[in-house]
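> Okay, predicted coordinates and the sequence, questions at the end:
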Amino acid sequence: MSGRKSRFVANPLESAITTPSERILKECHSLYVDSDNLVKIASSIGVRLLPPRKKIIVMIMGNHSAGKSSFINYVEEHIQKTGVAIETQGFTFITSGRKRESLTGNATLHLYPHFRPLLEFKVTDYLSAEISTSKQKKFSLVTFVDTPGLVDGDMIYPFDVNSAITWLEQADLIFVFFDPMGQALCKRTLNIVERLSEKCGDKLLFYLSKADEAGKETDRQRVMMQIVQELCRRPGLNKCGFEMPTIYIPNPQKPSRCVNQIDAVCQTIEKTINQAVQKTLDQLEKDCDLICSTISNRLEQDADVTYKRNIRLHSFLCGALGIFLPLLFILSLIVNTFSKEQLDELLGEGPARTLTVLAGIVMYLWDWIPEDGQVMFVIILGAFCYLLLFLAKYFATKTLTKKQKTTMAEYSDYIQDIVKTKKSKLYEWYL
């Protein structure tokens, strides 16, 4: 195996490693995608692996002016527009990196290729990415997805906003912000939440945003009661124990006596990051074991003499039939153009008699086929012979060459000596 060398990649998302979690996720990702990577090794033995993500995804949804962008500005830096109007009409991905950048359209999908399926909802012109250099709240391992502000009535979206948001169920966390100032019961929001709850209810978290603007405590309780009652009317959301913490952006100029649980939101994100690190390390262990067990099984199977004999016999028979049948058919057509005397003179009496018998059988079958079906017969015969040759090649690959055995042994040693050793060090960093 070739030595692994660290290399610098000019990617705006690559920032200085500042936390153990960030370093662990980056190192795990590199084991899957760099040279001598696990994805390549697994593919060579017929196993499909997916590299882990280097960041968790937090989607924030809600009616317009629910405080989604304001929350992101609080966590990162002042990076999103805010206001009473529908400022966010598309999807904006916000994350941290080395360099402050703004991307749009296809450039966003180039940066986030796993979001490419969003193209089917015709949102290309409504995708953007904001890369922040901020290290606030230590969320360098988070990509926030700011979704379009949701409204009812005559508002026409340039794409299928309901389906696009629902597709983003793959996010690690989904925050639903309810605005207490009259828009919380937006039917579009409730419809999307109900669809998401059916698919990934464990990821959904509800918050009463801008809670400091809801008036007195009794007013806040009344608004929360109305929202919970509306949610419980939905069959897909009718569950016990709804939690809806009150959050708002703290403002020293406007102190409020309302309980603010916005820091608990940040703690939830940090907890999810820690869970992502654990899952990534566990998955790395499982993938290593899967590759090693697959290699071990292949080598043991190839060492079985009876197995190898049967495989070679199958390969030979399929290959021989795949070549013999079309040759016999063509040869029969040619032989049919010669007389018996000409064949005896060319081949001799014995071989000529044998060839004439075989050709006679083939021509009898050929004449038995209706004329309008003879072309189809030739096509079917060609396809059948191609299938036989394909099977011959397939069976041939079921046995390993000496070079393949050596390569597999090297792969197994590399995983045992390099990858698993590195995984143990990563566990030490985490603990």
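Alright, I've got the coordinates.

> For the rest of this, base every contact and every neighbour count on C-alpha atoms.
OK.

> From residue 30, how far out is residue 427?
16 Å (CA to CA, to the nearest Å).

> okay, these two: which has more neighbours?
residue 30 (17 against 14; other CA atoms under 10 Å).

> Name the helix or strand for the more buried one, please.
helix 20-33 (DSSP states H and E).

> Also residue 316?
helix 305-335.

> chain center to that helix: distance?
The chain centre lies 42 Å from the centre of helix 305-335; the measure is CA atoms, centre = their mean, to the nearest Å.

> switch to numbering from 623
Understood, numbering begins at 623; the last thing we discussed is helix 927-957.

> by contact count, what packs against that helix?
Here helix 927-957 touches helix 971-990, helix 993-1019, going by 3 or more CA pairs under 8 Å, 6 or more residues apart in numbering; DSSP states H and E.

> hang on, the earlier thing: for the helix holding residue 652, packing partners?
Contacts defined by 3+ CA pairs under 8 Å, 6+ apart place helix 642-655 against helix 660-666, helix 884-925, helix 1042-1052.

> How far off centre is that helix?
17 Å.

> that older thread, just the buried positions in the helix holding residue 938, please.
930, 933-934, 936-938, 940-941, 943-944, 948, 951, 954-955, 957 (16 or more other CA atoms under 10 Å).

> what's the lowest-pLDDT member of those residues?
Among those, residue 930 carries the lowest pLDDT, at 73.

> any idea how far the residue most central in space within the chain lies from residue 912?
By CA atoms, centre = their mean, the chain has its centre lying nearest to residue 736, at 6.3 Å. For residue 736, the distance to residue 912 (CA to CA) stands at 24 Å.

> cool, residue 752 as well?
Counting by CA to CA - residue 752 and residue 912 are separated by 38 Å.

> worst-scoring helix or strand of this structure, pLDDT-wise?
helix 962-969 (a mean of 79; mean pLDDT, DSSP states H and E).

> So which elements touch it?
Against helix 962-969 (3+ CA pairs under 8 Å, 6+ apart) you get helix 971-990.

> got the CA positions of the helix it packs on in CSV?
Only the C-alpha atoms of helix 971-990 are listed here, as CSV (Å, rounded to 0.1, in the frame of the first residue of the first chain):
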residue,chain,number,x,y,z
GLU,A,971,-15.6,-39.3,-46.2
GLY,A,972,-15.7,-39.7,-42.4
PRO,A,973,-15.5,-36.0,-41.4
ALA,A,974,-17.8,-35.0,-44.3
ARG,A,975,-20.5,-37.5,-43.1
THR,A,976,-20.3,-36.2,-39.5
LEU,A,977,-20.5,-32.6,-40.6
THR,A,978,-23.4,-33.4,-42.9
VAL,A,979,-25.4,-35.0,-40.1
LEU,A,980,-24.9,-32.0,-37.8
ALA,A,981,-25.7,-29.6,-40.6
GLY,A,982,-28.8,-31.6,-41.5
ILE,A,983,-30.1,-31.4,-37.9
VAL,A,984,-29.5,-27.6,-37.8
MET,A,985,-31.1,-27.0,-41.2
TYR,A,986,-34.1,-29.2,-40.3
LEU,A,987,-34.7,-27.0,-37.3
TRP,A,988,-34.1,-23.9,-39.4
ASP,A,989,-36.6,-24.9,-42.0
TRP,A,990,-39.1,-25.8,-39.2
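
> got the contact list for it?
For helix 971-990, the surrounding residues in contact (CA atoms under 8 Å, 6 or more residues apart in numbering) are 950-951, 953-955, 957-958, 962, 965-966, 996.

> Provide the count of other residues in contact range of residue 731.
Burial of residue 731 is recorded as 20 neighbouring residues (other CA under 10 Å).

> With adjacent residues omitted, what lies nearest to it?
residue 738 (5.9 Å; CA to CA, 6 or more residues apart in numbering).

> Could you tell me how far the one you found is located from residue 790?
Going from residue 738 to residue 790 by CA to CA gives 11 Å.

> and these two? which has more neighbours close in?
Set side by side, residue 738 and residue 790 show more neighbours around residue 790, with 19 against 13, by other CA under 10 Å.

> check which helix or strand covers the closest residue to residue 858 other than its chain neighbours.
Excluding its sequence neighbours, the residue lying closest to residue 858 (CA to CA, 6+ apart) is residue 816, at 5.6 Å. Assigned by DSSP H and E, residue 816 falls within helix 809-822.

> that older thread, phi, psi for the residue nearest to the centre of the chain please.
With angles defined as degrees, to the nearest 10, residue 736 sits at phi -70, psi -10.

> can you check residue 677 too?
The phi/psi pair for residue 677 (degrees, to the nearest 10) reads phi -140, psi 150.

> And for the closest residue to it other than its chain neighbours, the neighbour number?
Nearest residue to residue 677, sequence neighbours excluded (CA to CA, 6+ apart): residue 763, at 4.5 Å. The number of residues packed near residue 763 is 23, by other CA under 10 Å.

> ok, back up a step: what does the helix holding residue 816 contact?
684-685, 772-774, 784, 787-788, 791, 798, 826, 853, 856, 858-859.

> which one among those residues gets closest to residue 665?
Nearest to residue 665, judged by CA to CA, of the contacts of helix 809-822 is residue 791 at 28.0 Å.

> tell me, how many neighbours does the closest one end up with?
Quick note: residue 791 (other CA under 10 Å) scores 19 neighbours.

> Ok, the one 10 residues further on next?
The local packing count at residue 801 equals 27, with neighbours defined by other CA under 10 Å.

> Look up how far residue 842 lies from it.
Residue 801 is 11 Å from residue 842, by CA to CA.

> quick revisit: my guess is the residue nearest to residue 677 contacts residue 678, does it?
Yes - with contact defined as CA atoms under 8 Å, residue 763 counts as touching residue 678 (6.3 Å).

> Need the three-state assignment for residue 829.
The local conformation at residue 829, judged by DSSP: H, G, I helix; E, B strand; the rest coil, is strand.

> no no, residue 682
At residue 682 the chain is in strand, as set by three-state DSSP.

> Quick check: bridge partners of it?
residue 768, residue 797 (DSSP bridges).

> That one: what's it in contact with?
690, 766-769, 796-799.

> Might you report the residue contacts of residue 895?
The neighbourhood of residue 895, defined by CA under 8 Å, 6+ apart, consists of 643, 678, 763.

> and it, what pLDDT?
Residue 895 is given a pLDDT of 91.

> and it, how far is that from residue 646?
Where residue 646 is concerned, residue 895 sits at a distance of 11 Å (CA to CA).

> Would you indicate which residues of stretch 754-772 are buried?
Within stretch 754-772, the residues scored as buried using 16+ other CA under 10 Å are 754-756, 760-772.

> Could you break this structure into its assigned domains?
Listed domain ranges for the chain are 623-666+899-925+1023-1053, 678-882, 926-1021 (source: automatic domain parsing).
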